[in-house]
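# Please work out how this folds:
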Amino acid sequence: MVRAGRGIALDRRKSLQRLSLLPAALLLPQHSRAGGQLEEPLIDSVRTALSSAIANSAPPVPTFASTETRLVYLRWLSAMSDRLYPRKKDFTERIDFLQTVWYETRRAGLDTSLVLGLIQVESAFRKFAVSSVGARGYMQVMPFWTRVIGDGDAGKLFHMQTNLRFGCVILRHYLDRERGDVYMALGRYNGSRGKPQYPNAVFSAQRKWLNTA
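Purely as a prediction, here's the structure:
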(Lines give C-alpha, C1' and ligand atoms only; values in the text may rest on other atoms or scores of the structure.)
Protein backbone atom coordinates (compact mmCIF):
# COMPACT_ATOMS: atom_id res chain seq x y z
CA MET A 1 0.00 0.00 0.00
CA VAL A 2 2.83 2.38 0.84
CA ARG A 3 4.54 1.69 -2.50
CA ALA A 4 1.24 2.21 -4.35
CA GLY A 5 0.72 5.52 -2.55
CA ARG A 6 4.22 6.66 -3.43
CA GLY A 7 3.62 5.67 -7.06
CA ILE A 8 0.44 7.73 -7.24
CA ALA A 9 2.17 10.73 -5.67
CA LEU A 10 5.05 10.40 -8.17
CA ASP A 11 2.61 10.24 -11.08
CA ARG A 12 0.85 13.38 -9.82
CA ARG A 13 4.16 15.24 -9.57
CA LYS A 14 5.08 14.21 -13.11
CA SER A 15 1.66 15.36 -14.39
CA LEU A 16 2.08 18.73 -12.70
CA GLN A 17 5.57 19.07 -14.17
CA ARG A 18 4.22 18.36 -17.67
CA LEU A 19 1.45 20.92 -17.22
CA SER A 20 3.99 23.52 -16.12
CA LEU A 21 5.72 23.15 -19.49
CA LEU A 22 2.58 23.96 -21.49
CA PRO A 23 2.13 27.50 -22.83
CA ALA A 24 0.27 29.67 -20.37
CA ALA A 25 -2.39 30.45 -22.98
CA LEU A 26 -3.49 26.81 -22.95
CA LEU A 27 -3.94 26.76 -19.20
CA LEU A 28 -6.08 29.91 -18.95
CA PRO A 29 -9.74 30.45 -19.98
CA GLN A 30 -10.09 31.59 -23.59
CA HIS A 31 -10.81 35.27 -23.96
CA SER A 32 -11.76 37.36 -26.94
CA ARG A 33 -9.35 40.07 -28.01
CA ALA A 34 -12.16 42.15 -29.51
CA GLY A 35 -13.04 45.60 -28.28
CA GLY A 36 -16.41 46.70 -26.98
CA GLN A 37 -19.19 49.12 -27.71
CA LEU A 38 -19.11 52.42 -25.84
CA GLU A 39 -22.09 53.41 -23.74
CA GLU A 40 -23.75 56.51 -25.16
CA PRO A 41 -26.84 58.44 -24.12
CA LEU A 42 -29.90 57.36 -26.11
CA ILE A 43 -32.89 59.56 -26.75
CA ASP A 44 -36.19 58.08 -25.57
CA SER A 45 -37.44 57.24 -29.07
CA VAL A 46 -34.27 55.29 -29.88
CA ARG A 47 -34.32 53.50 -26.53
CA THR A 48 -37.95 52.54 -27.06
CA ALA A 49 -37.31 51.29 -30.59
CA LEU A 50 -34.32 49.20 -29.51
CA SER A 51 -36.17 47.81 -26.49
CA SER A 52 -39.09 46.84 -28.72
CA ALA A 53 -36.77 45.09 -31.16
CA ILE A 54 -35.23 43.09 -28.33
CA ALA A 55 -38.54 42.25 -26.64
CA ASN A 56 -40.07 40.48 -29.64
CA SER A 57 -38.81 36.97 -28.95
CA ALA A 58 -40.22 35.14 -31.96
CA PRO A 59 -38.37 31.87 -32.61
CA PRO A 60 -35.97 31.83 -35.58
CA VAL A 61 -38.15 29.61 -37.76
CA PRO A 62 -37.73 30.57 -41.43
CA THR A 63 -40.78 30.99 -43.61
CA PHE A 64 -40.71 31.26 -47.39
CA ALA A 65 -42.93 32.86 -49.97
CA SER A 66 -42.13 30.24 -52.58
CA THR A 67 -40.42 26.92 -53.15
CA GLU A 68 -37.60 28.69 -54.97
CA THR A 69 -36.76 30.97 -52.03
CA ARG A 70 -36.81 27.94 -49.75
CA LEU A 71 -34.37 26.13 -52.04
CA VAL A 72 -32.09 29.19 -52.09
CA TYR A 73 -32.07 29.15 -48.29
CA LEU A 74 -31.34 25.42 -48.13
CA ARG A 75 -28.43 25.78 -50.56
CA TRP A 76 -27.06 28.63 -48.44
CA LEU A 77 -27.48 26.58 -45.27
CA SER A 78 -25.64 23.62 -46.77
CA ALA A 79 -22.74 25.75 -48.03
CA MET A 80 -22.35 27.65 -44.75
CA SER A 81 -22.59 24.44 -42.72
CA ASP A 82 -19.64 22.99 -44.63
CA ARG A 83 -17.58 26.14 -44.04
CA LEU A 84 -18.46 26.31 -40.35
CA TYR A 85 -17.78 22.64 -39.67
CA PRO A 86 -14.11 23.14 -38.56
CA ARG A 87 -15.34 25.48 -35.80
CA LYS A 88 -18.58 23.71 -34.86
CA LYS A 89 -18.43 19.94 -35.24
CA ASP A 90 -21.87 19.13 -33.84
CA PHE A 91 -24.41 19.11 -36.69
CA THR A 92 -27.45 20.20 -34.68
CA GLU A 93 -25.59 23.02 -32.94
CA ARG A 94 -24.18 24.20 -36.27
CA ILE A 95 -27.55 24.24 -38.04
CA ASP A 96 -29.32 25.93 -35.12
CA PHE A 97 -26.65 28.62 -35.06
CA LEU A 98 -26.78 29.28 -38.81
CA GLN A 99 -30.57 29.31 -38.89
CA THR A 100 -30.64 31.83 -36.04
CA VAL A 101 -28.02 34.05 -37.68
CA TRP A 102 -29.99 33.93 -40.93
CA TYR A 103 -33.22 34.85 -39.14
CA GLU A 104 -31.78 37.64 -36.97
CA THR A 105 -29.82 39.30 -39.77
CA ARG A 106 -32.88 39.46 -41.99
CA ARG A 107 -34.98 40.68 -39.11
CA ALA A 108 -32.52 43.55 -38.60
CA GLY A 109 -31.97 44.21 -42.31
CA LEU A 110 -28.30 43.20 -42.23
CA ASP A 111 -26.03 41.33 -44.63
CA THR A 112 -25.69 37.81 -43.22
CA SER A 113 -22.16 37.36 -44.55
CA LEU A 114 -21.11 40.61 -42.83
CA VAL A 115 -22.47 39.43 -39.49
CA LEU A 116 -20.78 36.03 -39.86
CA GLY A 117 -17.51 37.85 -40.57
CA LEU A 118 -18.07 40.02 -37.50
CA ILE A 119 -18.70 36.96 -35.32
CA GLN A 120 -15.54 35.31 -36.66
CA VAL A 121 -13.47 38.36 -35.69
CA GLU A 122 -15.24 39.06 -32.40
CA SER A 123 -15.46 35.60 -30.85
CA ALA A 124 -14.18 33.01 -33.37
CA PHE A 125 -17.67 31.46 -33.06
CA ARG A 126 -17.24 30.75 -29.33
CA LYS A 127 -20.55 30.99 -27.49
CA PHE A 128 -18.99 31.78 -24.10
CA ALA A 129 -16.22 34.13 -25.25
CA VAL A 130 -15.48 37.03 -22.89
CA SER A 131 -13.28 39.96 -23.87
CA SER A 132 -10.88 41.83 -21.62
CA VAL A 133 -13.47 44.61 -21.30
CA GLY A 134 -16.32 42.23 -20.47
CA ALA A 135 -18.05 41.88 -23.85
CA ARG A 136 -19.86 38.55 -24.06
CA GLY A 137 -20.85 35.81 -26.42
CA TYR A 138 -20.81 35.32 -30.16
CA MET A 139 -21.22 39.00 -31.04
CA GLN A 140 -19.35 40.31 -27.99
CA VAL A 141 -22.17 42.43 -26.62
CA MET A 142 -21.30 44.71 -23.73
CA PRO A 143 -23.34 44.01 -20.56
CA PHE A 144 -24.53 47.63 -20.26
CA TRP A 145 -26.87 47.01 -23.22
CA THR A 146 -28.98 44.65 -21.10
CA ARG A 147 -29.55 47.51 -18.67
CA VAL A 148 -30.16 50.13 -21.37
CA ILE A 149 -32.58 48.19 -23.58
CA GLY A 150 -33.18 44.86 -21.81
CA ASP A 151 -34.07 43.52 -18.39
CA GLY A 152 -30.59 44.00 -16.96
CA ASP A 153 -29.72 40.29 -16.88
CA ALA A 154 -26.26 40.19 -18.50
CA GLY A 155 -26.15 36.41 -18.07
CA LYS A 156 -28.63 36.12 -20.94
CA LEU A 157 -25.93 37.32 -23.34
CA PHE A 158 -24.58 33.77 -23.33
CA HIS A 159 -27.90 32.53 -24.75
CA MET A 160 -27.45 32.11 -28.50
CA GLN A 161 -30.54 33.85 -29.85
CA THR A 162 -30.43 36.60 -27.22
CA ASN A 163 -26.81 37.39 -28.05
CA LEU A 164 -27.42 37.39 -31.79
CA ARG A 165 -30.57 39.47 -31.36
CA PHE A 166 -28.76 42.10 -29.28
CA GLY A 167 -25.75 42.16 -31.60
CA CYS A 168 -27.80 42.54 -34.77
CA VAL A 169 -30.06 45.22 -33.28
CA ILE A 170 -27.02 47.17 -32.02
CA LEU A 171 -25.23 46.93 -35.37
CA ARG A 172 -28.41 48.07 -37.14
CA HIS A 173 -28.57 51.02 -34.74
CA TYR A 174 -24.98 51.97 -35.50
CA LEU A 175 -25.60 51.69 -39.25
CA ASP A 176 -28.52 54.07 -38.89
CA ARG A 177 -26.38 56.44 -36.81
CA GLU A 178 -23.71 56.37 -39.53
CA ARG A 179 -26.27 56.77 -42.36
CA GLY A 180 -25.48 53.39 -43.87
CA ASP A 181 -21.69 53.70 -43.72
CA VAL A 182 -20.68 50.11 -42.90
CA TYR A 183 -17.04 51.02 -42.27
CA MET A 184 -17.91 53.61 -39.62
CA ALA A 185 -20.68 51.47 -38.10
CA LEU A 186 -18.28 48.57 -37.61
CA GLY A 187 -15.78 50.86 -35.93
CA ARG A 188 -18.49 52.12 -33.61
CA TYR A 189 -19.55 48.54 -32.84
CA ASN A 190 -16.00 47.71 -31.79
CA GLY A 191 -15.45 50.94 -29.89
CA SER A 192 -12.77 52.02 -32.37
CA ARG A 193 -14.69 54.37 -34.65
CA GLY A 194 -12.55 55.83 -37.43
CA LYS A 195 -9.73 53.30 -37.10
CA PRO A 196 -9.22 50.86 -39.98
CA GLN A 197 -8.01 47.69 -38.24
CA TYR A 198 -11.35 46.33 -37.07
CA PRO A 199 -13.53 47.10 -40.12
CA ASN A 200 -10.84 45.73 -42.42
CA ALA A 201 -10.61 42.53 -40.37
CA VAL A 202 -14.39 42.05 -40.60
CA PHE A 203 -14.44 42.74 -44.34
CA SER A 204 -11.65 40.22 -44.82
CA ALA A 205 -13.47 37.57 -42.76
CA GLN A 206 -16.73 38.32 -44.57
CA ARG A 207 -15.32 36.98 -47.84
CA LYS A 208 -15.37 33.44 -46.45
CA TRP A 209 -19.13 33.69 -45.82
CA LEU A 210 -20.24 35.14 -49.14
CA ASN A 211 -22.64 32.76 -50.85
CA THR A 212 -20.87 32.08 -54.14
CA ALA A 213 -22.70 28.81 -54.83
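
# quick one: Arg172 from Tyr189, how far?
In this structure, Arg172 and Tyr189 are 10 Å apart, going by C-beta to C-beta, to the nearest Å. Just so you know, the C-beta spots here come from the backbone N, C-alpha and C atoms, and that holds for glycine as well.

# Those two - which one has more neighbours?
The residue with more neighbours, out of Arg172 and Tyr189, is Tyr189; 28 against 18, by other C-beta atoms under 10 Å.

# I'd guess that one is in a helix, am I close?
Yes - counting by DSSP: H, G, I helix; E, B strand; the rest coil, Tyr189 is part of a helix.

# What residues does it make contact with?
Shown in contact with Tyr189 (C-beta atoms under 8 Å, 6 or more residues apart in numbering): Gln37, Leu118, Ile170, Leu171, Tyr174.

# Which of those sits closest to Met184?
Comparing the contacts of Tyr189 against Met184 with C-beta to C-beta places Tyr174 closest, at 8.1 Å.

# my guess is that closest one is in a strand, correct?
No - counting by three-state DSSP, Tyr174 falls outside a strand, being helix.

# Can you tell me the centre-most residue of this protein?
For the chain, Tyr138 is the residue whose C-alpha lies nearest the centre (C-alpha atoms, centre = their mean; 1.9 Å).

# Over to that residue. Which of the three states is it?
Judged by three-state DSSP, the three-state class of Tyr138 is coil.
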